[in-house]
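Enquirer: Take this sequence and fold it.
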Amino acid sequence: MPQNPNDLKYSKEHEWVKISGTSARIGITHYAQDALGDVVYIDFPKAGAEIKQGAVAGTIESVKAVSDIYQPLSGTVTTVNTDLNKAPAKVNQEPYTGGWLFEITGVAEAEAANLLDAAAYEAYLKTLG
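Expert: The predicted structure follows:
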């Protein structure tokens, strides 16, 4: 399995977060996209939506299932990756780069401290069997 990038934070629901000041870019991990299979559709949160940490922000539909996207940090959605409307498979091909899902602003450091670093996330994955 590919290494999870060290510059990201991770949730136990398999979202990744790249924090830049009070903004963050969010996507799903390699583990999550692999478990889902071929992604065919993403139901994004709406720009301007304020979403609390742990709430469902949207869904990802694959050939196998529909899965919730959980908000790893509270914030206001500023941008969604509309490229994925035409090419949802980018989530499978490039989960940490072109397959990002959306960006938020208003990130609180206290919430970010609750996320896992890459080593802790990889240790968590080992507990899943």
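Enquirer: which residue sits closest to the residue most central in space within the chain, ignoring its sequence neighbours?
Expert: Nearest to the geometric centre of the chain sits G27, at 2.6 Å (CA atoms, centre = their mean). In space, and not counting its chain neighbours, G27 is closest to W100: 4.3 Å by CB to CB, 6 or more residues apart in numbering. In this view, the C-beta of every residue, glycine as well, is placed from N, C-alpha and C.
Enquirer: Against K86, how distant is the residue nearest to the centre of the chain?
Expert: 17 Å (CB to CB, to the nearest Å).
Enquirer: secondary structure element for the residue nearest to the centre of the chain?
Expert: If you go by DSSP states H and E, G27 is part of strand 23-28.
Enquirer: Are there helices or strands packed against that strand, and which ones?
Expert: strand 15-20, strand 102-105 (3 or more CB pairs under 8 Å, 6 or more residues apart in numbering; DSSP states H and E).
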